[in-house]
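Student: sequence and computational prediction follow.
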Amino acid sequence: MNTVDLNADLGEGFGSWAMGDDNALLDVVTSANVACGFHAGDPSIMRAVCRRAADRDVAIGAHVGYADKPGFGRRFIDIEPAALRDEVIYQIAALDAFARIAGSEVRYVKPHGALYNTIGHHEEQAAAVVGAIADYDRTLPVLGLPGATWLRLAEEAGLTVVHEAFADRAYTPEGTLVSRRLPGSVLHDGSEIARRCVAMATGAPIADVEGGELKLQPGSICVHGDTPGAVQIAQQVRQSLWDAGVELTPFAA
């Protein structure tokens, strides 16, 4: 039987301001990338999401990012590598505390936004993030896009690397994401997204942005929670995977 994990970014509100429907998505996904208070989230939100994830046996992942709430962590910060290393450790540890209070623990790490993109090619920041994870707990798997610099460094450091794909993003023929600045970079048709996810999970090719065939074999598929109709699309993806005989299970149990 084919198996795959579904992950989503959760806990990205702040105070009384909410982002997405965390509760509904926790009934869909098998792994929760929980904001750690730097790009979004706050201690009370972190605690609440960890409790709800633990109640549903959803794996908790540290969604670490730049300290940039006004920019939602989507802007590059030219931070000293040593400082970035410490900030990543700080975020993992903070979330891990709330996860343990909930009877679980942080089980993997997935960077957010601009940090995720930057360490795909920036050697110094990539090394800082990998070093932080290795310092904190080198048994933690890391989740990211195939070909990313930080995943190469993670493998070299002996960390477990898990590749992910994005349910609602268009891909280039080279297997990279089409820039959000370009039209058609984000898909909105739930049926099309669900079909693509089934293909990814079963080893079949999907269409790239130029109409060619592209085969992705992710250990986890990311469903976004902050786009229009996100919960309904995620539910459609889950049901389609189930109907296709794909078992949904956390990659970091």
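Tutor: Yep, that arrived.
Student: tell me the mean pLDDT over stretch 99-109?
Tutor: Mean pLDDT, stretch 99-109: 98.
Student: what's the span of that stretch from first residue to last?
Tutor: Across its full length, stretch 99-109 reaches 13 Å between end residues, using C-alpha to C-alpha, to the nearest Å.
Student: same check on stretch 11-30?
Tutor: Taking C-alpha to C-alpha as the measure, stretch 11-30 stretches 15 Å from start to finish.
Student: could you pull out the strands in this protein for me?
Tutor: Under the criterion DSSP state E, the chain contains strands at 3-10, 31-35, 59-63, 106-109, 142-144, 161-166, 206-207, 213-214, 220-222, 247-248.
Student: redo the ones you listed as a markdown table? Include mean neighbour count.
Tutor: C-beta coordinates here come from the backbone N, C-alpha and C atoms, glycine included. Listed next are the strands of the chain as a markdown table, based on neighbours: other C-beta atoms under 10 Å:
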| stretch | mean neighbour count |
| --- | --- |
| strand 3-10 | 25 |
| strand 31-35 | 29 |
| strand 59-63 | 29 |
| strand 106-109 | 25 |
| strand 142-144 | 25 |
| strand 161-166 | 20 |
| strand 206-207 | 16 |
| strand 213-214 | 14 |
| strand 220-222 | 25 |
| strand 247-248 | 15 |
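Student: closest to Pro173 out of the ones you listed?
Tutor: In terms of C-beta to C-beta, the element of the strands of the chain nearest to Pro173 is strand 213-214, at 6.6 Å.
Student: shaky segments in the stretch 51-200 of the chain?
Tutor: By pLDDT under 70, the stretch 51-200 of the chain has no low-scoring segment.
Student: quick one, longest helix in the chain?
Tutor: Using DSSP state H, we find that the single longest helix of the chain is helix 81-101.
Student: residues touching the residue lying closest to Gly103 once chain neighbours are set aside, list them.
Tutor: Residue nearest to Gly103 in three dimensions, not counting chain neighbours: Ala54, with 5.2 Å by C-beta to C-beta, 6 or more residues apart in numbering. By C-beta atoms under 8 Å, 6 or more residues apart in numbering, the residues touching Ala54 are 60, 99, 102-104.
Student: so how far is Glu247 from Ala54?
Tutor: 21 Å (C-beta to C-beta, to the nearest Å).
Student: now the buried members of the contacts of Ala54.
Tutor: Buried by 16 or more other C-beta atoms under 10 Å: 60, 99, 102, 104, out of the contacts of Ala54.
Student: now the two most distant members of the residues you listed.
Tutor: Across those, the longest distance by C-beta to C-beta is 8.1 Å; it joins Ile60 and Ala102.
Student: which neighbours do these two have in common?
Tutor: Common neighbours of Ile60 and Ala102 (C-beta under 8 Å, 6+ apart) are 50, 53-54.
Student: and those residues, which is closest to Tyr171?
Tutor: So of these, ranked by how close each gets to Tyr171 (C-beta to C-beta), first place is Ala53, at 28.9 Å.
Student: can you pull the contacts of that closest one?
Tutor: 10, 26, 32, 34, 59-60, 99, 102, 104.
Student: picking up where we left off before, how about the buried ones among the contacts of Ala54 in JSON lines, adding distance to Met46?
Tutor: Output for the buried ones among the contacts of Ala54, formatted as JSON lines (distance: C-beta to C-beta, whole Å):
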{"residue": "Ile60", "distance to Met46": "10"}
{"residue": "Ala99", "distance to Met46": "9"}
{"residue": "Ala102", "distance to Met46": "10"}
{"residue": "Ser104", "distance to Met46": "12"}
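Student: which one of those is nearest Glu192?
Tutor: Of all the buried ones among the contacts of Ala54, Ile60 has the smallest distance to Glu192: 30.2 Å, by C-beta to C-beta.
Student: correct me, but the closest one touches Glu105?
Tutor: Yes. Between Ile60 and Glu105 a contact is recorded at 7.1 Å, counting by C-beta atoms under 8 Å.
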